[in-house]
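Enquirer: need coordinates for the following:
(one chain, ligands or ions: 1)
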Amino acid sequence: MIVLDVEDAVVQYKAGSWLGAKVAGRPYRIDAVAGVSLELPAGKTYGLVGESGSGKTTLGRAIVGLVPLTSGIVRIDGADAQGYGDGPWRLIRRDVALIFQDPVAAMNPRMTVETLITEPLAIHRAERFDRRQEARQLLDMVGLPANFLDRYPHELSGGQARRIAVARALALRPKLIIADEPTAGLDVSVQGDILNLLSDLQDELGMSYLIITHNLAVARHVTDYVGIMYLGRLVETGATADVFKAPSHPYTKALLAAHTAEPGHAAAPIRGEIPSLWHRPTGCEFHSRCPAAQPICSTQTPQAAEVAPDHHASCHFAVAYHAAEA
Ligand SMILES: Nc1ncnc2c1ncn2[C@@H]1O[C@H](COP(=O)(O)OP(=O)(O)OP(=O)(O)O)[C@@H](O)[C@H]1O
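Expert: Model (predicted):
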């Protein structure tokens, strides 16, 4: 049973103006998401991993319906997610919830926790419900006592704000929760608590997660499948265990080296700058930063190679890398 099915999704952003783009010698539109396909089975977790600017947040927002798809299809539980109702509220589908990257910034500062976490119910649910009772139950699910009901966002610590954001996401018991950088800005011990909370809730309620993170180490702990994103495209995909066992794209290896320092060795930052989406590199778009680039890499676009069953990497040398790592 596939809960999230994304087929060749493209999201373009416009430049300020056509004339401005022309004067600057740029294309008028950029592809922030440039043809992404992925499938997420029920009850599983998919990690979307890549550096800042790779298009992860844009894809997450497009899945929820906050940003329109330029082309492609998003199906949630088999239903095409493009047919929204009218009115701004309806833009947000009730079977998917998004936990924003900065949850406090996304909260209305004048709302109490009770109002914040039950707001999705007030928007989507036709029948009457006991707001206080629902809120108390949601708080309990995320491990917070009932005395948080009357607090305001500025009275919450980073970890508490995450829990409140999770409670709000759970309000409609969605089939899919998208968590954008769920541990960013938290102390290491609190990060573990939040990841454990998400995993316990999944065991209990059975929903699927799409976790957006720049940190491969986070993805390693909580995901079943992983997609490595670069300049709006997935460059390596597979079961998380397979990708970590035998990373087959130099970008994946570079991300790993940047986040998981061996004892006694410093983490190695990825060399060079992320290219601008206004001027995508030719050939393999990672070639300008790749430590193993060959002449072919700057001229020919690599196709996704299946290096092992359901493990793909878009690099001319992916099969050899896989063999060497495996
Ligand atoms: N509203 C917008 N208008 C124009 N360009 C945008 C807009 N939002 C994002 N972008 C651009 O789209 C690209 C992808 O951004 P996005 O935020 O999706 O990446 P990301 O991988 O989630 O990074 P981060 O972790 O920093 O949010 C970036 O180049 C960004 O500058």
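Enquirer: gap between the closest residue to the ligand within the stretch 201-326 of the chain and residue 232?
Expert: Going by C-beta to the nearest ligand atom, the ligand is nearest to residue 277 of the stretch 201-326 of the chain, at 5.0 Å. C-beta: built from backbone N, CA, C; applies to glycine. Between residue 277 and residue 232 the computed distance is 7 Å (C-beta to C-beta, to the nearest Å).
Enquirer: same check, this time on residue 326
Expert: Taking C-beta to C-beta, one finds residue 326 at 28 Å from residue 232.
Enquirer: try residue 183
Expert: Taking C-beta to C-beta as the criterion, residue 183 is separated from residue 232 by 24 Å.
Enquirer: higher neighbour count, the two?
Expert: residue 232 (26 against 23; other C-beta atoms under 10 Å).
Enquirer: which bits of this structure sit near the ligand?
Expert: Applying C-beta under 6 Å from any ligand atom, one finds that the chain approaches the ligand through 13, 32, 50, 52-58, 214, 277.
Enquirer: quick one, which of those residues are buried?
Expert: Neighbour-count burial (16 or more other C-beta atoms under 10 Å) applied to the residues of the chain next to the ligand gives 32, 50, 53-58, 214, 277.
Enquirer: show me which pair in those is furthest apart.
Expert: By the measure C-beta to C-beta, 214 and 277 form the most distant pair in these, at 17.0 Å.
Enquirer: what's the first helix or strand after the one helix or strand in the chain whose mean pLDDT sits lowest?
Expert: Using mean pLDDT, DSSP states H and E, the weakest-scoring helix or strand in the chain turns out to be helix 18-23, at a mean of 69. Using DSSP states H and E, the helix or strand that follows helix 18-23 in sequence is strand 29-41.
Enquirer: let's see that following strand as CSV, backbone CA atoms only.
Expert: Coordinates of each C-alpha in strand 29-41 appear next as CSV, following Å, rounded to 0.1, in the frame of the first residue of the first chain:
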residue,chain,number,x,y,z
ARG,A,29,12.1,30.5,-14.2
ILE,A,30,14.2,28.1,-12.1
ASP,A,31,13.3,24.5,-11.4
ALA,A,32,13.6,24.3,-7.6
VAL,A,33,12.2,20.7,-8.0
ALA,A,34,13.2,19.3,-11.3
GLY,A,35,11.4,16.0,-11.9
VAL,A,36,11.3,14.0,-8.7
SER,A,37,9.6,10.6,-8.4
LEU,A,38,9.3,8.7,-5.2
GLU,A,39,7.0,6.2,-3.4
LEU,A,40,6.4,5.8,0.3
PRO,A,41,4.7,2.7,1.6
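Enquirer: partner strands of the next helix or strand after it, parallel or antiparallel?
Expert: Sequence order places strand 45-49 as the next helix or strand after strand 29-41, per DSSP H and E. If you go by DSSP bridges, strand 45-49 pairs up with strand 208-213 (parallel), strand 225-230 (parallel).
Enquirer: tell me the angle of whichever helix or strand comes after strand 45-49 relative to strand 29-41?
Expert: As assigned by DSSP H and E, the chain's next helix or strand after strand 45-49 is helix 56-64. Angle, helix 56-64 to strand 29-41, by axes from the mean of the first three to the mean of the last three C-alpha atoms, to 10 degrees: 60 degrees.
Enquirer: state the mean pLDDT of helix 56-64.
Expert: The average pLDDT within helix 56-64 is 93.
Enquirer: where in the chain is pLDDT low?
Expert: Scanning the chain for pLDDT under 70 picks out 17-21, 81-93, 125-126, 260-266.
Enquirer: and the strands in it, which stretches?
Expert: Taking DSSP state E to define them, one finds strands in the chain at 2-14, 29-41, 45-49, 71-76, 79-80, 96-99, 176-180, 208-213, 225-230, 233-239, 305-308, 311-313.
Enquirer: would CSV of those with distance to residue 201 be doable?
Expert: Shown next, in CSV, are the strands of the chain (distance: least, C-beta to C-beta, whole Å):
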stretch, distance to residue 201
strand 2-14, 15
strand 29-41, 16
strand 45-49, 11
strand 71-76, 19
strand 79-80, 24
strand 96-99, 12
strand 176-180, 9
strand 208-213, 9
strand 225-230, 19
strand 233-239, 22
strand 305-308, 31
strand 311-313, 28
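Enquirer: next, count neighbours for the residue lying closest to residue 210 once chain neighbours are set aside.
Expert: Among residues not flanking residue 210 along the chain, residue 178 sits closest, at 4.6 Å (C-beta to C-beta, 6 or more residues apart in numbering). Residue 178 has 26 neighbouring residues, counting by other C-beta under 10 Å.
Enquirer: OK, contacts around residue 178?
Expert: If you count contacts by C-beta atoms under 8 Å, 6 or more residues apart in numbering, residue 178 has them with 60, 63-64, 96-99, 209-210, 212.
Enquirer: most neighbours among these, please name it.
Expert: Neighbour counts for those (other C-beta under 10 Å) peak at residue 210, which has 29 neighbours.
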